[in-house]
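Trainee: with the input below, show me the fold.
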Amino acid sequence: MILILLRVLSVMIFFVACQSEASGLSMNAALEILDNQNLEIKSADYDVRSAHTDIDIAKGYNFGSLDFTQNAMRSNDAGNAFGFKLSAREAAFGDFGFRDFSMSNPNILTIQPKDLNYPGYQNYFQSKLSYTLPLYTGGKLSGYGAIAEKMESIKRLDADQMKTEKRYELRKSYYDMALLQHSIEHMNVILGNIETLEKTTQMMVQEGYAKKVDLLEVQSKKVNVERALTELDANQKLLYHYISFLLNQLVSEIELPTTDYPISALSESEVFEDNIDLKKASAGLEIRDRMVDVAYAAFLPQIGAFAEASSADNTFLGDFTDHKAYAVGARLSWNIFNGGVDGAALEKARIEKLKTATKVELAKKGIALQYDKIRTEIESLNAQVKSLEKELELAYQIYKNYEGRYHEHLVSMSDVIIKQSQQIEKVLNLQMAKNQRNERIFALEKLSNGVK
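Mentor: You can find the predicted model right below:
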């Protein structure tokens, strides 16, 4: 408990220190907070703790069961009354009806002793301690214990997968924010160019070198760019809301990555080694193997031992030591025939094992296919990004050229606006391509259970 409190305190101090930085919350600091504060990760950790208790339950059956029973009864039933006295070691010859016994009676065997058949009320208090222990179960208990351990390992893998998923979402949000910031910078440059063009056009209108409609076209394009900037700002706010949700606390400023391009060079062997789905499939196969052992245990004998100690009296705890008794023993049970149910259950367990083994192989091939697909998509998107970057650079130069030619009355304002629209289109297309590329890179990392 103390270690947990110290860990939480260290995280809080770490977060406050990071928040005090002028540059905002860094990605590494955010990832540390995520691991400790994200609610979905916490929920997955509770699942692991719950699965661990199942191991304790499965192992606990190996130690048997110790039970204490306290009976308190009152009865005038003949069997009960006589049994109570006998159990309490208080039975007397009179309880057998000797008062009605007469050697001179020729029908002595037909006499019904009244004291035995119609006893008075008898109190009975019994304290009993019983212990039962399974000695041999055909491997059933050990099988269940192994299955519980594997189930815990699967829950741990689920927790790791959840952490990987949330880290993926957080890192992607940081890089998305960097992309948005770069797009905003591009759009601000375009806005600045439009404002310069607007001032120039106003002067030209006043001097009679341009028409009023030219100024309206520039102002219309300026409004479009401002609207695009407003949308980009709104997307930034949404990303901050989502980052705050992931970290389970308010985040108003982050430190942007130095680049908007995450680099990942994971090999196929690394993906196969670390992929969580493959690990879970392998654990599931081991569970199926142990379930075959459990099903086979039905064909083997079950051996158990028991011991009990008790004391009884007609008053509570009366003459406890004098009336004590004990019993020890062992029991063997072996089902010889049950209509083939056990055989069918064993065959089903074997079939399920083969089915799971097939799924493991299928999962391996599926992961390999995903790896090849993502790698191909990354290569294609890299080419698109390089091409769009060159096209954007060219679009800037073309716009500048057309702006100068407009001042010389060689092209119309509509031509300038068209070139500027193409420039904006290239900015947005480049952002989209980079976003798709980053998403694929993060998908590759997630396939290998996170960044290395």
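
Trainee: just the helices from this protein, written as ranges.
Mentor: 2-19, 27-37, 39-60, 78-87, 114-117, 140-206, 212-247, 268-274, 276-296, 341-407, 413-447 (DSSP state H).

Trainee: what is the neighbour count of Glu393?
Mentor: By the measure other Cβ atoms under 10 Å, the count of residues near Glu393 is 11. All C-beta atoms are positioned from the backbone trio N, CA, C, and that covers glycine.

Trainee: now it: how far from Leu180?
Mentor: 20 Å (Cβ to Cβ, to the nearest Å).

Trainee: repeat for Glu377
Mentor: For Glu377, the distance to Leu180 - Cβ to Cβ - is 22 Å.

Trainee: over to Tyr406?
Mentor: The value you get for Tyr406 to Leu180, if Cβ to Cβ is used, is 31 Å.

Trainee: repeat for Asn275
Mentor: 31 Å.

Trainee: can you check Glu198 too?
Mentor: From Glu198 to Leu180 the distance is 26 Å (Cβ to Cβ).

Trainee: report the buried residues of stretch 185-199.
Mentor: His186, Met187, Ile190, Leu191, Asn193, Ile194, Leu197 (16 or more other Cβ atoms under 10 Å).

Trainee: does the third one touch Glu425 like I think?
Mentor: No - Ile190 lies out of contact with Glu425 (Cβ atoms under 8 Å); the separation is 11.0 Å.

Trainee: gap between the strand of greatest length in the chain and the chain center?
Mentor: Ranked by number of residues, the top strand in the chain under DSSP state E is strand 122-136. Chain-centre distance of strand 122-136: 44 Å, with Cα atoms, centre = their mean, to the nearest Å.

Trainee: list the strands paired with that strand, with their directions.
Mentor: strand 65-75 (antiparallel), strand 302-313 (antiparallel) (DSSP bridges).

Trainee: ok and that strand relative to helix 78-87, angle-wise?
Mentor: 70 degrees (axes from the mean of the first three to the mean of the last three Cα atoms, to 10 degrees).

Trainee: quick one: buried residues of strand 122-136?
Mentor: For strand 122-136, by 16+ other Cβ under 10 Å, it's Gln122, Asn123, Tyr124, Phe125, Gln126, Ser127, Lys128, Pro134.

Trainee: now do stretch 316-334: everything it contacts.
Mentor: By Cβ atoms under 8 Å, 6 or more residues apart in numbering, the list of residues contacting stretch 316-334 from outside reads 72, 87-90, 125, 127, 135, 300-313.

Trainee: now those residues: which count as buried?
Mentor: Buried, going by 16+ other Cβ under 10 Å: 87-88, 125, 127, 302-304, 307-308, 310-313, out of the contacts of stretch 316-334.

Trainee: CA-only coordinates of stretch 69-80 in CSV, if you can.
Mentor: C-alpha atoms of stretch 69-80 as CSV (Å, rounded to 0.1, in the frame of the first residue of the first chain):
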residue,chain,number,x,y,z
THR,A,69,-20.6,-27.6,12.8
GLN,A,70,-22.6,-26.8,15.9
ASN,A,71,-25.9,-28.7,16.1
ALA,A,72,-28.6,-27.7,18.7
MET,A,73,-31.7,-29.9,18.6
ARG,A,74,-34.7,-31.1,20.7
SER,A,75,-36.8,-34.1,19.8
ASN,A,76,-39.0,-36.9,21.1
ASP,A,77,-38.7,-39.0,18.0
ALA,A,78,-37.6,-42.4,19.1
GLY,A,79,-34.7,-42.7,16.7
ASN,A,80,-33.5,-39.2,17.5
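
Trainee: per-residue confidence averaged over stretch 261-270?
Mentor: Computed over stretch 261-270, the mean pLDDT rounds to 77.

Trainee: what's that stretch in contact with?
Mentor: 171, 175, 368, 371, 434, 437-438, 441-442, 444-445, 447-448, 451-452.

Trainee: could you redo the last one with a cut-off of 10 Å?
Mentor: With Cβ atoms under 10 Å, 6 or more residues apart in numbering as the test, stretch 261-270 has contacts from 171-172, 174-175, 178-179, 273-274, 367-368, 371-372, 374-375, 378, 382, 385, 434, 437-438, 440-445, 447-449, 451-452.

Trainee: repeat for stretch 214-223
Mentor: Stretch 214-223 is contacted from outside by 190-191, 193-202, 204-206, 210-211, 406, 412-414, 416-418, 420-421, 424, using Cβ under 10 Å, 6+ apart.

Trainee: and what of stretch 182-191?
Mentor: Taking Cβ under 10 Å, 6+ apart as the rule, stretch 182-191 contacts 221-222, 225-226, 228-229, 231-233, 235-236, 256, 259-260, 392, 395-396, 399, 420, 423-424, 426-428, 430-432, 434-435.
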